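Enquirer: Below is the structure, and that's it, no one-letter string:
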């Protein structure tokens, strides 16, 4: 095995690599500074669409993505002792009144309130109040 001593070429290569990395970092910072960030209300605004602001947003890319929609009727806290004593015919009282709207969740996020309806011998939900995008964002935080 030979002892290698750094040649002047090795130093210039290292400097070139460092300069390229610095230039790449600067380019990515500029690219991220130029990338538009849209709030939900901006995406829905026809005024911004007319001005061409979110023209690069293509919602068609996500329209076929499946999501899980669920209806939260109510909830309760019970001890494990009470849970293991439940049998067929047991009644568990929930914290929601019978006349109140149910919560409609998409992938676990509250998006609306509604009431249960029967449509052709199947259950459905009639939306009575849709949660605004601003309220949805506040719930995430």
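Expert: Structure received. These numbers come from a predicted model, not from an experiment. Numbers count the residues shown, from 1 in each chain.
Enquirer: could you pull out the helices for the protein?
Expert: Along the chain, counting by DSSP state H, helices occupy 8-34, 40-44, 46-51, 80-84, 133-140.
Enquirer: For stretch 95-115, give the mean pLDDT please.
Expert: For stretch 95-115, mean pLDDT is 89.
Enquirer: For that stretch, buried residues please.
Expert: Buried residues in stretch 95-115, counted by 16 or more other C-beta atoms under 10 Å: 101-105, 111-114. From N, CA and C alone the C-beta is placed, and that goes for glycine too.
Enquirer: can I get those in TSV with distance to residue 71?
Expert: Output for these, formatted as TSV (distance: C-beta to C-beta, whole Å):
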residue	distance to residue 71
101	10
102	5
103	7
104	6
105	7
111	11
112	10
113	10
114	7
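Enquirer: Mind checking which of those residues land in strands?
Expert: Counting by DSSP state E, the buried residues of stretch 95-115 place 102-105, 111-114 in strands.
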